[in-house]
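A.B. asks: got a structure for you, letters missing:
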């Protein structure tokens, strides 16, 4: 018979129940119930959340300016978290194409998945987005997402050497089709309009953006501003690959792509910066471009690019620089550019002759900025909310698609125009970053 006092029994029961209650609480909090973790970064405060410090200004008025192309920050990620939402309070620059994206690291090597948070030319307020595209082909999709692309193999492929001798300036991207090992030769020439080294990296990817091979043509040895004609450098890429569609990418650099040789007759692009003009110490000679696109945009940044373009014996006048002009077409067309020094962008594809032309995919993907010309819009872009002179932006990532190391996620701001010296003054004031991490529970 237990003769212990009643209060002793109660204490014993409580002593047993307390750890049980704590365990139940911890299980509920950590496993059964949904949780949200919030991190607020006051950018104008005492703590330095952003790096490197030479890409941000000193703090002033409880804010800092983003002054560099890529600015990094990181956040702790709890185990089994599902999504991360990043809100920012910022002021956009006055640059006409001052896009801002947030990137989240998604591979062990340096690689980030980007979500647009501000696009000065985008207003999706009255547009339907993210419709079901199942079974839809031969459509134009405006997107900033990595959509699964369905390859479209051309019928009239030939293994023959295509030689592109049209001079191109800076970053370019081509798609090509091959049934044989890849053989590519490239000639590059620096123009040295800006200080610094000018390496050109040439990369081949498959249609899932998996890198196959790359090489770099190093700087010509002139790192100061020097606009005189320089030597031509060469590189070659060879790769054994199965039949398919591939992407050929030339990195941004202060120079010219003088020649591309590739062992296929099928190669296209969506954007060309034509540079056969005396402005770049090149002979000014006309260029012909074939397209089946319904919409083309043109812009030149110099008076040398003001010209009369012709297509199907019709004139189209570029009367001014620093202004984008749009041409709408009804039929396949060959366009002639007498002066070049012009950027040509298409919602579909461009080639240097009709034989080179093909549609690499059953659906045509175009940048989100071309949403007005597209049949469908696929994006997670959220229209920023106006807050006086400021904007509140928001974007969300699926954490399962990201690369977490030591329970930390690397994030960055990507501001492309700040990579160019002439736009360095178009900085981005930043007030705060608010991060919300969602972790689902087992009880739904």
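C.D. replies: On my side now, so go ahead. Since this is a predicted model, take the numbers as computed values, not measurements.
A.B. asks: how far away is residue 378 from residue 136?
C.D. replies: Between residue 378 and residue 136 the distance, using C-beta to C-beta, to the nearest Å, works out to 11 Å. In short, each C-beta sits where N, CA and C put it, glycine included.
A.B. asks: Those two - which one has more neighbours?
C.D. replies: Remark: of residue 378 and residue 136, residue 378 carries more neighbours, 19 against 13, as counted by other C-beta atoms under 10 Å.
A.B. asks: Report the beta-bridge partner residues of the more buried one.
C.D. replies: On the basis of DSSP bridges, residue 378 takes part in beta bridges with residue 143.
A.B. asks: show me what contacts the residue nearest to residue 127 when sequence neighbours are not counted?
C.D. replies: Spatial nearest neighbour of residue 127, chain neighbours left out: residue 377 (5.8 Å); criterion: C-beta to C-beta, 6 or more residues apart in numbering. Each residue near residue 377 by C-beta atoms under 8 Å, 6 or more residues apart in numbering is listed here: 124, 127-131, 141-143, 368, 371.
A.B. asks: Separate out the buried members of those.
C.D. replies: Burial of the contacts of residue 377 was assessed by neighbour count (16 or more other C-beta atoms under 10 Å); the buried members are 124, 141-143, 368, 371.
A.B. asks: Show me which residues of stretch 148-155 are buried.
C.D. replies: Along stretch 148-155, the positions that meet the burial threshold by neighbour count (16+ other C-beta under 10 Å) are 149, 152.
A.B. asks: burial of residue 229, as a residue count?
C.D. replies: Residue 229 is flanked by 13 other residues according to other C-beta under 10 Å.
A.B. asks: Then it would be within a strand, right?
C.D. replies: No. Assigned with DSSP: H, G, I helix; E, B strand; the rest coil, residue 229 falls outside any strand and is coil.
A.B. asks: Report the contact partners of it.
C.D. replies: Residues in contact with residue 229 (C-beta under 8 Å, 6+ apart) are 189, 281.
A.B. asks: Pick out whichever of the contacts of residue 377 sits closest to residue 171.
C.D. replies: The nearest member of the contacts of residue 377 to residue 171, counting by C-beta to C-beta, is residue 368 at 18.3 Å.
A.B. asks: Who are the contact partners of that closest one?
C.D. replies: Taking C-beta under 8 Å, 6+ apart as the contact definition, residue 368 lies against 116, 119, 122, 142-144, 377, 379, 381.
A.B. asks: how about a cut-off of 10 Å?
C.D. replies: Contact criterion C-beta atoms under 10 Å, 6 or more residues apart in numbering gives 99, 116, 119, 121-122, 124, 129, 141-145, 374, 377-379, 381 as the residues in contact with residue 368.
A.B. asks: Could you give the number of residues near the closest residue to residue 62 other than its chain neighbours?
C.D. replies: Nearest in space to residue 62, with sequence neighbours left out and distances taken as C-beta to C-beta, 6+ apart, is residue 44 at 3.6 Å. Residue 44 is surrounded by 15 other residues when neighbours are defined as other C-beta under 10 Å.
A.B. asks: what about residue 44, helix or strand, and which?
C.D. replies: Taking DSSP states H and E as the criterion, no element holds residue 44; it sits outside all helices and strands.
A.B. asks: any idea how far residue 414 is from it?
C.D. replies: Following C-beta to C-beta, the distance that separates residue 44 from residue 414 is 22 Å.
A.B. asks: now residue 70
C.D. replies: With distances defined as C-beta to C-beta, the gap from residue 70 to residue 414 amounts to 6 Å.
A.B. asks: same deal with residue 391?
C.D. replies: When distances are taken as C-beta to C-beta, residue 391 and residue 414 turn out to be 17 Å apart.
A.B. asks: Residue 182 is in contact with residue 213, correct?
C.D. replies: Yes. At 8.0 Å, residue 213 and residue 182 qualify as touching, with contact defined as C-beta atoms under 10 Å.
A.B. asks: Comparing the two, which shows the higher neighbour count?
C.D. replies: For residue 213 versus residue 182, the count of surrounding residues by other C-beta under 10 Å is larger for residue 182: 19 against 15.
A.B. asks: Okay, now the unreliable bits of this protein?
C.D. replies: Low-confidence segments of the chain (pLDDT under 70): 1-9, 15, 17, 20-33, 442-444.
A.B. asks: Would you mark the buried spots in the longest strand anywhere in it?
C.D. replies: Of all the segments of type strand in the chain, defined by DSSP state E, the longest one is strand 428-439. Taking 16+ other C-beta under 10 Å as the basis for neighbour counts, the residues of strand 428-439 that come out buried are 428-437, 439.
A.B. asks: again with stretch 118-128
C.D. replies: 118-119, 122, 124.
A.B. asks: do stretch 228-239 as well
C.D. replies: The neighbour-count criterion (16+ other C-beta under 10 Å) identifies 230, 233, 235, 237 as the buried residues of stretch 228-239.
A.B. asks: Ignoring the adjacent residues along the chain, who's closest to the third one?
C.D. replies: Leaving aside its chain neighbours, residue 235 sits nearest to residue 217 (4.7 Å; criterion: C-beta to C-beta, 6+ apart).
A.B. asks: can you check the last one too?
C.D. replies: Nearest-residue entry for residue 237: residue 184, 4.6 Å, with adjacent residues in sequence omitted and distances by C-beta to C-beta, 6+ apart.
A.B. asks: Relative to the whole chain's centre, how far out is the helix or strand hosting that neighbour?
C.D. replies: Taking DSSP H and E as the definition, residue 184 sits inside strand 182-190. Between the centre of strand 182-190 and the centre of its host chain there is 24 Å, according to C-alpha atoms, centre = their mean, to the nearest Å.
A.B. asks: Which is the succeeding secondary structure element to it?
C.D. replies: Per DSSP H and E, the first helix or strand lying C-terminal to strand 182-190 is strand 200-206.
A.B. asks: Which helix or strand lies directly C-terminal to that next one?
C.D. replies: If you walk from strand 200-206 toward the C-terminus, the next helix or strand you reach (DSSP H and E) is strand 211-217.
A.B. asks: what's the next secondary structure element after that next one?
C.D. replies: Assigned by DSSP H and E, the successor of strand 211-217 is strand 233-239.
A.B. asks: Listing partners with orientation, what would you give for that next one?
C.D. replies: strand 182-190 (antiparallel).
A.B. asks: and the angle from the partner strand to strand 200-206?
C.D. replies: Using axes from the mean of the first three to the mean of the last three C-alpha atoms, to 10 degrees, the direction of strand 182-190 lies 150 degrees away from that of strand 200-206.
A.B. asks: can you tell me how far residue 143 sits from residue 324?
C.D. replies: 21 Å.
A.B. asks: follow-up on the earlier one: tell me if I'm right that the residue nearest to residue 62 and residue 60 touch.
C.D. replies: Yes. Taking contacts as C-beta under 10 Å, residue 44 lies within contact range of residue 60: 7.4 Å.
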